[in-house]
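> Requesting a structural model of the entry that follows:
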Amino acid sequence: MSQKFVVVDLETTGNSPKKGDRIIQFGAVIIEDGKITGRYSSLVNPLQEIPAFIEELTGISDSMVKDAPLFEEIAPQVSDMLEDAYFVAHNVLFDLSFLQEELVNSRQEGFYGPVIDTVEMARILYPTADSYKLTDLAVREGLHHDRPHQADSDAQVTAELLLIMLEVIKALPLVTVKELAKLSEGLKSDLHLIFDDVLSMKESRLEILPEYIEVYRGIALKKRAVIRKLNQSAIIYPESVAEKMSLLQKAFSGYEIRQGQFVMMDCVREAFSKSGHALIEAGTGVGKSLGYLIPAAIFSLESKKPVVISTYTTQLQEQLLFNDISKLAQVLETTINASLIKGRNNYISMARFEHSLREIEDNYDTALSKMQILVWLTQTETGDFDELNLSSGGMLFWSKVKNERAIFLKTKHWEDYDFYQRAIEKAHNADILITNHSMLLADLVSEKGPLPNYDYAVLDEGHQLEKAAGKYFGKSLDYLAVRLVLNQLGLYDQNQLFYKLETLLYNNNGALGNSRLHTFEINQLISDLVYETEELFKLAGTYARKALKNKSYGSKLNASMVPDRDNRIWTALKTTAERFYFHLKDLITALEGRLDEAGKSPHAIQAWSNQSLRRLFRLQRIWKKSVLRPGPYSWTKAVM
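Numbers count the residues shown, from 1 in each chain. So this is what the prediction gives:
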């Protein structure tokens with residue numbers, strides 16, 4: 001690139017130039033024609049004491065700046081340096097605001113050219129990075145950063161990072177750069193100028209895509225990896241302590257001998273070999289993940305039968321998949337087909353994401369998230385949300401593009417690129433299948449669960465299984481969920497689903513047909529159900545506080561906690577619950593009648609109404625079971 005970039009970093013006495021904070025060090029690196037062509041650095045006398053915490057952070061003391069020039073003395077040189085250049089900084093608004101204030105106070109013209117924020121740039125180009133701090137990005141790219149929080153060192157590292165990221169943009173597929181250029185108009189810095197320049201360059205040349213990239217429906221994706229089996233030699237379980245030590249020391253550098261781990265390995269091995277069960281309590285420091293992984297992997301390879309490993313934390317799942325299993329496979333000189341599968345909502349829906357790209361975007365977080373995902377799709381093999389580092393606003397966007405069953409959106413053309421289905425397919429061919437307790441239990445209660453048939457499983461952190469099991473084998477009613485459904489339905493004068501359904505029927509028929517209930521009567525049913533909902537959860541909260549003697553049980557009232565049902569409040573609670581149930585039943589019956597009349601209505605409106613009705617049915621089924629017979633159920637967020 002032929003542009004001139006001036007990469008700036010400042011050290012200051014505080015965070016606010018408007019409150020009198022001043023620059024104590026100025027550092028700049030000049031880039032021209034894609035190369036570093038100059039550097040400038042100077043301490044600056046702020047004419048005020050440097051706070052102790054700033055001195056500790058930067059290493060710059062009052063004595064060091066005592067004889068340094070005032071900023072107004074270096075201001076002309078700084079102003080000349082910035083002429084016809086991009087102003088670049090890591091968190092650019094901080095540095096630019098300070099510099100503008102100092103330039104104006106020094107009777108220099110402020111900087112009004114294009115600005116580039118390398119934090120914003122890194123978020124887009126490194127969508128899976130754990131952190132966007134300069135020191136962390138330097139480690140990621142192998143850059144030498146010997147003096148963090150010194151302006152000259154920070155400016156040098158930021159400049160080197162900028163050059164790397166410019167090359168990353170050039171290496172992106174043309175279709176990706178084209179989308180990034182469109183979305184970048186809404187960013188905080190002027191990255192659109194960079195993307196536009198790269199786009200013009202790429203459009204002027206014949207593009208040859210890397211062999212690992214394919215383009216489908218205008219979106220660049222990483223191709224699916226082809227799994228190749230190595231010639232598998234005989235796998236022998238290490239019986240003796242010496243053999244176990246040798247295997248572990250070869251696979252894991254710095255391995256420390258743990259006798260308890262060897263005992264655990266043999267225990268797991270015996271349970272698998274005899275098709276039995278083992279309940280193991282492993283103390284801290286035993287190294288339990290390797291204690292069960294090694295015998296499980298060897299047993300799976302020997303028997304050619306899959307072993308499921310269910311954990312409670314995502315961090316452990318990733319450690320097993322990306323670290324432990326790959327190292328073990330190298331030592332065993334074989335391929336261990338390992339797969340990680342999570343719930344459907346953890347994976348991106350390409351149909352939803354493609355649809356989102358057609359929407360005109362004026363929300364910053366959404367535009368940034370779309371850009372991150374476009375880059376991520378050229379890197380990911382899994383489509384797993386946990387790989388991404390999205391902002392809180394980006395989390396809201398993810399809820400729009402996550403993989404879930406669509407009612408209106410056509411998804412057939414993306415079937416071959418469904419990451420969730422790919423994960424299921426991979427799971428059915430796995431030697432070791434890694435999942436979590438929730439997924440394992442969801443599979444058990446589902447008629448056609450996503451997991452393959454299996455006979456052998458390891459439940460890591462088994463003490464957490466009971467908590468997860470309550471979700472899948474119990475029934476719960478959540479206050480916010482009930483109110484969400486009722487709010488979506490709405491009263492007639494709130495212009496929500498009920499109003500739209502009534503308007504649809506009136507417009508089509510000129511009247512409300514032969515329905516047994518008038519609009520006013522259904523409206524009253526909705527109003528009564530809203531009232532009974534409030535009463536129900538208030539009573540549940542009152543009962544919980546009294547029955548549990550004000551003990552802290554969070555926001556859930558669970559049947560297993562209830563010590564005594566033979567009291568006045570419990571009777572009132574049950575009576576209110578029954579009224580809630582029958583109001584709900586009456587409302588569903590009324591709405592079913594309305595939907596029968598909507599036979600000639602547009603399909604989308606019917607589906608929309610039916611979707612809301614299905615939610616009401618689900619509430620009815622849950623509450624009928626909870627009220628009419630004892631069992632594991634809970635009122636969530638009942639204690640208010």
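
> Please name the residues that touch residue 164.
Contact partners of residue 164, counting by Cβ atoms under 8 Å, 6 or more residues apart in numbering, are residue 141. In short, each C-beta sits where N, CA and C put it, glycine included.

> Pull up the gap between it and residue 27, please.
19 Å (Cβ to Cβ, to the nearest Å).

> repeat for residue 489
As judged by Cβ to Cβ, residue 489 and residue 27 stand 61 Å apart.

> Same question for residue 243.
Counting by Cβ to Cβ, the gap from residue 243 to residue 27 is 57 Å.

> who has more neighbours, these two?
residue 27 (23 against 13; other Cβ atoms under 10 Å).

> Hmm, the more buried one is touching residue 43, no?
No: between residue 27 and residue 43 there is no contact under Cβ atoms under 8 Å: 10.0 Å.

> Which parts of the stretch 201-350 of the chain are strands?
Shown for the stretch 201-350 of the chain, the strands assigned by DSSP state E, counting those that start in this stretch span residues 213-216, 219-222, 307-311, 338-340.

> Switch those over to TSV, and while doing so, append mean pLDDT, distance to residue 160 and mean neighbour count to every line.
Formatted as TSV, the strands of the stretch 201-350 of the chain follow (pLDDT from 0 to 100; distance: least, Cβ to Cβ, whole Å; neighbours: other Cβ atoms under 10 Å):
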stretch	mean pLDDT	distance to residue 160	mean neighbour count
strand 213-216	95	26	15
strand 219-222	96	27	20
strand 307-311	93	39	25
strand 338-340	91	35	23
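
> what would those strands look like in TSV with distance to residue 317?
Shown next, in TSV, are the strands of the stretch 201-350 of the chain (distance: least, Cβ to Cβ, whole Å):
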stretch	distance to residue 317
strand 213-216	27
strand 219-222	21
strand 307-311	5
strand 338-340	6
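
> low pLDDT regions in the stretch 201-350 of the chain?
227-234 (pLDDT under 70).

> tell me the domain ranges of this protein?
Under the assignment automatic domain parsing, the domains of the chain span 4-169, 475-636.

> mean pLDDT lowest for which of those domains?
Sorting these by mean pLDDT places domain 475-636 lowest, at a mean of 71.

> How about stretch 137-157, which residues are buried there?
137-138, 140, 143, 145, 149-157 (16 or more other Cβ atoms under 10 Å).

> no, scratch that, I was asking about stretch 384-399
With burial defined by 16+ other Cβ under 10 Å, the residues of stretch 384-399 counted as buried are 384-385, 388-390, 394, 397-398.

> From the opening residue of it to its closing one, how far?
Length of stretch 384-399, first residue to last, Cα to Cα, to the nearest Å: 13 Å.

> go on, stretch 178-194?
Stretch 178-194 has its terminal residues 12 Å apart, counting by Cα to Cα.

> Can you pull out the residues in contact with it?
The contact list for stretch 178-194, computed with Cβ under 8 Å, 6+ apart, reads 1, 86, 92-93, 114-117, 120-121, 124, 166, 169, 172, 195-196, 198-199, 218-219, 357, 361-364, 367-368, 370-371, 374-375.

> Restricted to buried residues, select the residues you listed in ChimeraX.
Entered in ChimeraX, the line below selects the buried ones among these, by 16+ other Cβ under 10 Å:
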select :1,86,92,114,115,116,117,120,121,124,166,169,172,195,196,198,199,219,357,361,367,368,370,371,374,375
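
> Identify all contacting residues around stretch 442-461.
Outside of stretch 442-461, the residues within contact range by Cβ under 8 Å, 6+ apart are 268, 272, 275, 288-289, 292, 296, 299-300, 305-313, 316, 341, 343, 423-424, 427-428, 430, 433, 435, 437, 439-440, 465, 472-473.
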